[in-house]
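1. For reference, the sequence and a predicted model appear below.
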Amino acid sequence: MTTKAWQPLPLAFLLLCGAVPAYAQANLAKLRDDIVALAGMGYCRGGEYLANGNDVVFISNRSGSPQIWKVAAGGGKPVQLTTFPDPVTDMVPSPTRDLIAFQLAPGGGLNAQLYVMKGDGSGVKQLTKGGKTNNFLGPWSKDGAQLGFGSNEQNPTGVDFFTYEVSQGTAALAVKNNGIGGIADFSRDKQQVLITRLASRGSNNLSLYNLATKEEKLLTPHEGPGTFFGQIAPSGDVYLGYNKDRDLLAFGKSSKGGMQLLAERKDAELADFSINHAGTTAVLVWNEKGLSKLSLYDLKTNRETRQLALPVELVAGVAFSPNDQTVVFTGSGSREPANIWEYAVSRNQFKKITDSPHAGVDLAALVAPELVAFPSFDGVALSGWLYKPTGGKGPFPTVISYHGGPEGQSIPSLNPTAQALVQQGVAFFLPNVRGSTGFGKAFVNLDNGALRVNGVKDIKAVSDYLIQAGTAKPGALGIMGGSYGGYMVMAGVTQYPDMFAAGANLFGIVNFETFFKHTEPWMAAISTVEYGDPATQAALLRELSPIHKADLIKTPLLVEHGANDTNVPVVEAEQVVAALKKNNIPVKYTLFPDEGHGWQKTNNRITSTVEIVDWFTTRLK
């Protein structure tokens with residue numbers, strides 16, 4: 001069925017005589033208002049400077065759907081630049097011209113199309129051909145004359161690399177590619193591009209590709225899985241994030257001898273870096289068990305010169321101003337909505353330059369999670385972020401939420417569902433089981449192929465830990481997750497049918513055979529190492545597919561999916577709903593007609609959050 005308006009929270013305990021007292025109605029209304037306010041909070045992300053250096057553009061959902069906005073560098077009143085009915089999912093301004101390239105997702109799906117417009121939002125021009133093609137925005141050349149992007153227009157099973165010539169207004173194929181990947185950077189003379197080719201999920205390569213001669217120089221030869229990302233400095237040197245011959249991602253430079261290590265952390269991975277326009281300084285972003293740490297690195301002396309005292313827990317998308325005096329980034333946290341922050345390098349000062357709307361939400365009253373660690377069944381170290389209700393003592397009814405990916409990571413972000421549940425006395429736990437990123441190359445590959453059974457066993461280890469620690473109340477456990485997290489939900493309720501009192505499967509995989517058949521061909525091609533190859537490992541994929549154990553399910557399930565999801569197609573949700581109805585297991589199904597893989601529009605995010613909170617509070621309390 002399609003999305004419908006939310007229903008009032010059940011008050012069965014007040015309906016003994018068929019009437020709800022006035023005070024209870026008032027409390028119910030306040031409770032519902034609180035949940036809607038939490039789910040309706042806005043965000044600002046992806047900030048970058050326009051070429052003039054005076055303005056910062058970013059993506060925000062403050063209008064109800066992600067669109068492009070502009071604010072004066074240093075702060076001010078933001079101005080909305082786009083008003084499309086579809087969400088803007090990516091954006092990058094030209095470094096030298098009054099142009100912004102952006103990515104628009106019809107119906108929230110993956111068949112995104114690319115556009116350019118002027119810095120005031122006028123003169124919108126579509127670059128790609130539309131239809132069912134998948135297109136991915138890339139970087140501008142340093143002179144702003146070319147824009148790189150990826151598209152599967154000529155090869156459904158791969159993503160080729162194209163360049164758009166601003167002066168001619170046309171795009172041309174630059175690099176053929178069998179899998180997926182993209183242009184990561186242009187050299188200053190535009191003769192070479194740094195490209196990334198993804199061999200499989202969790203393993204890629206970087207190469208320098210000469211656009212004129214078509215010669216390609218591999219920079220990252222390696223055996224087994226490896227992760228690499230990079231940027232070309234003004235000097236022509238290629239700086240890298242890499243984990244070749246090491247477990248944790250580090251900062252380095254490509255050299256004739258291979259990788260030159262420049263900076264590493266014993267307890268953190270390099271998550272990102274950005275080099276300034278002069279080529280003298282890099283900002284390094286480290287991931288320490290889910291928290292962000294920033295440092296400045298001097299590229300002349302090859303040493304870290306400053307550790308930054310961050311005003312937020314999480315940082316993403318670092319970008320230098322044209323004069324290198326300031327840096328903007330997306331800053332957020334467990335009690336801080338995502339906003340655009342500016343850092344003055346010489347003064348070592350931070351300033352928040354946007355203020356994401358959070359009407360009706362007292363940020364100071366929100367609950368900050370604690371990081372907990374524990375061993376799994378085989379001694380592998382697991383961890384996660386635990387939100388506890390502030391009133392009363394445990395054990396509490398508890399919801400466990402698994403992240404997607406599976407190469408994702410649970411981090412202490414502002415989570416409306418977690419905050420709404422803890423307000424009602426329900427604990428919320430975000431685990432990082434094997435296969436999660438942020439904990440090294442070995443850990444992220446512990447669930448590949450046939451090893452996925454151990455990832456599923458981690459579900460029991462998580463539940464056992466929460467009960468033994470006195471946090472979770474036996475018989476009052478819930479499980480939820482989106483995308484691969486939805487797979488974990490279905491694996492949990494089939495492998496451990498008596499463990500969970502309620503579950504919520506959000507756009508999750510349930511049948512690997514139908515997933516590989518109906519997902520985008522390029523997605524299927526890169527997923528065979530992670531999940532298994534349907535051509536040679538059909539029996540394994542069948543054994544790992546929860547749909548074939550659906551008769552074991554006892555847990556009532558909420559199922560939500562986007563009608564335009566081409567990553568995990570709707571057929572996955574339909575199989576779950578049909579199986580539960582056949583077996584008379586309670587199931588509620590909400591299909592969002594204007595969404596793809598996840599929710600972009602604020603009204604849909606509100607509907608989803610309200611349904612999830614209703615579902616778990618009704619069944620766990």
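-> Perfect, I can see it now.
2. would you list every one of the strands in the stretch 151-300 of the chain?
-> Counting by DSSP state E, counting those that start in this stretch, the segments of the stretch 151-300 of the chain that form strands are 160-165, 170-175, 180-186, 192-200, 203-210, 216-218, 228-232, 238-242, 250-255, 258-263, 269-275, 281-288, 291-298.
3. now those in a markdown table, with mean neighbour count?
-> Where you see a C-beta, it was placed from the backbone N, CA and C, and this is true even at glycine. Converted to a markdown table, the strands of the stretch 151-300 of the chain look like this (neighbours: other Cβ atoms under 10 Å):
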| stretch | mean neighbour count |
| --- | --- |
| strand 160-165 | 21 |
| strand 170-175 | 16 |
| strand 180-186 | 24 |
| strand 192-200 | 21 |
| strand 203-210 | 19 |
| strand 216-218 | 12 |
| strand 228-232 | 21 |
| strand 238-242 | 24 |
| strand 250-255 | 20 |
| strand 258-263 | 16 |
| strand 269-275 | 21 |
| strand 281-288 | 22 |
| strand 291-298 | 18 |
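4. can I get those strands in JSON lines with distance to Gly408?
-> Compiled in JSON lines, the strands of the stretch 151-300 of the chain are given as follows (distance: least, Cβ to Cβ, whole Å):
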{"stretch": "strand 160-165", "distance to Gly408": "26"}
{"stretch": "strand 170-175", "distance to Gly408": "28"}
{"stretch": "strand 180-186", "distance to Gly408": "18"}
{"stretch": "strand 192-200", "distance to Gly408": "16"}
{"stretch": "strand 203-210", "distance to Gly408": "17"}
{"stretch": "strand 216-218", "distance to Gly408": "28"}
{"stretch": "strand 228-232", "distance to Gly408": "17"}
{"stretch": "strand 238-242", "distance to Gly408": "18"}
{"stretch": "strand 250-255", "distance to Gly408": "21"}
{"stretch": "strand 258-263", "distance to Gly408": "25"}
{"stretch": "strand 269-275", "distance to Gly408": "13"}
{"stretch": "strand 281-288", "distance to Gly408": "12"}
{"stretch": "strand 291-298", "distance to Gly408": "16"}
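5. Kindly reformat the ones you listed as CSV containing distance to Asp324 and mean pLDDT.
-> Below are the strands of the stretch 151-300 of the chain laid out as CSV (distance: least, Cβ to Cβ, whole Å; pLDDT from 0 to 100):
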stretch, distance to Asp324, mean pLDDT
strand 160-165, 26, 95
strand 170-175, 29, 94
strand 180-186, 17, 94
strand 192-200, 21, 91
strand 203-210, 25, 95
strand 216-218, 29, 96
strand 228-232, 15, 97
strand 238-242, 16, 97
strand 250-255, 19, 96
strand 258-263, 20, 94
strand 269-275, 10, 98
strand 281-288, 7, 98
strand 291-298, 12, 98
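6. Tell me which of the ones you listed approaches Leu430 most closely.
-> strand 291-298 (13.4 Å; Cβ to Cβ).
7. helix or strand right after that closest one?
-> The helix or strand immediately downstream of strand 291-298 is strand 303-308, counting by DSSP states H and E.
8. So what touches that following strand?
-> With contact meaning Cβ atoms under 8 Å, 6 or more residues apart in numbering, strand 303-308 is reached by 263, 284, 293-298, 343, 348.
9. which one of those residues sits closest to Asp551?
-> Lys293 (48.1 Å).
10. Name the nearest residue to the closest one, ignoring sequence neighbours.
-> With Cβ to Cβ, 6 or more residues apart in numbering as the criterion, Lys293 has its nearest non-adjacent residue at 4.2 Å, and that residue is Trp286.
11. and the closest residue to Ile459 other than its chain neighbours, how many neighbours?
-> Leaving aside its sequence neighbours, Ile459 sits nearest to Gly492 (Cβ to Cβ, 6+ apart; 4.6 Å). For Gly492, the count of nearby residues is 27 (other Cβ atoms under 10 Å).
12. immediately after the helix or strand containing Gly492, which helix or strand?
-> In the assignment (DSSP H and E), Gly492 maps to helix 484-495. Sequence-wise, the next helix or strand downstream of helix 484-495 (DSSP H and E) is strand 502-506.
13. how about Gly121, what does it touch?
-> 68, 80-82.
14. Do I have it right that Leu261 meets Ala250?
-> Yes - using Cβ atoms under 8 Å, Leu261 is in contact with Ala250, at 5.9 Å.
15. could you pull out the helices for the chain?
-> Here the chain has its helices, by DSSP state H, at 22-39, 416-423, 441-444, 452-468, 484-495, 512-518, 521-526, 528-531, 538-544, 571-582, 602-620.
16. and the longest strand for the chain?
-> strand 472-482 (DSSP state E).
17. and that strand, C-alpha only, in PDB?
-> What follows is strand 472-482, C-alpha atoms only, in PDB (Å, rounded to 0.1, in the frame of the first residue of the first chain):
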ATOM      1  CA  ALA A 472      18.100  -4.900  27.700                       C
ATOM      2  CA  LYS A 473      15.000  -6.600  29.100                       C
ATOM      3  CA  PRO A 474      14.600 -10.200  28.000                       C
ATOM      4  CA  GLY A 475      11.500 -10.700  25.900                       C
ATOM      5  CA  ALA A 476      11.400  -6.900  25.000                       C
ATOM      6  CA  LEU A 477      14.100  -6.800  22.200                       C
ATOM      7  CA  GLY A 478      13.400  -5.100  18.900                       C
ATOM      8  CA  ILE A 479      15.600  -5.200  15.700                       C
ATOM      9  CA  MET A 480      15.600  -2.800  12.800                       C
ATOM     10  CA  GLY A 481      17.800  -1.700   9.900                       C
ATOM     11  CA  GLY A 482      17.900  -0.300   6.400                       C
END
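18. between it and helix 484-495, how many degrees?
-> Comparing the axes of strand 472-482 and helix 484-495 via axes from the mean of the first three to the mean of the last three Cα atoms, to 10 degrees yields an angle of 130 degrees.
19. low pLDDT regions in this structure?
-> 1-28 (pLDDT under 70).
20. Work out which residue lies at the spatial centre of it.
-> Closest to where the C-alpha atoms of the chain average out (Cα atoms, centre = their mean) is Gly408, at 7.3 Å.
21. was I right about that one contacting Ser436?
-> Yes - contact status for Gly408 versus Ser436: in contact at 6.6 Å, counting by Cβ under 8 Å.
22. List the residues that contact Asn111.
-> So Asn111 contacts 105, 131-135, 566 (Cβ under 8 Å, 6+ apart).
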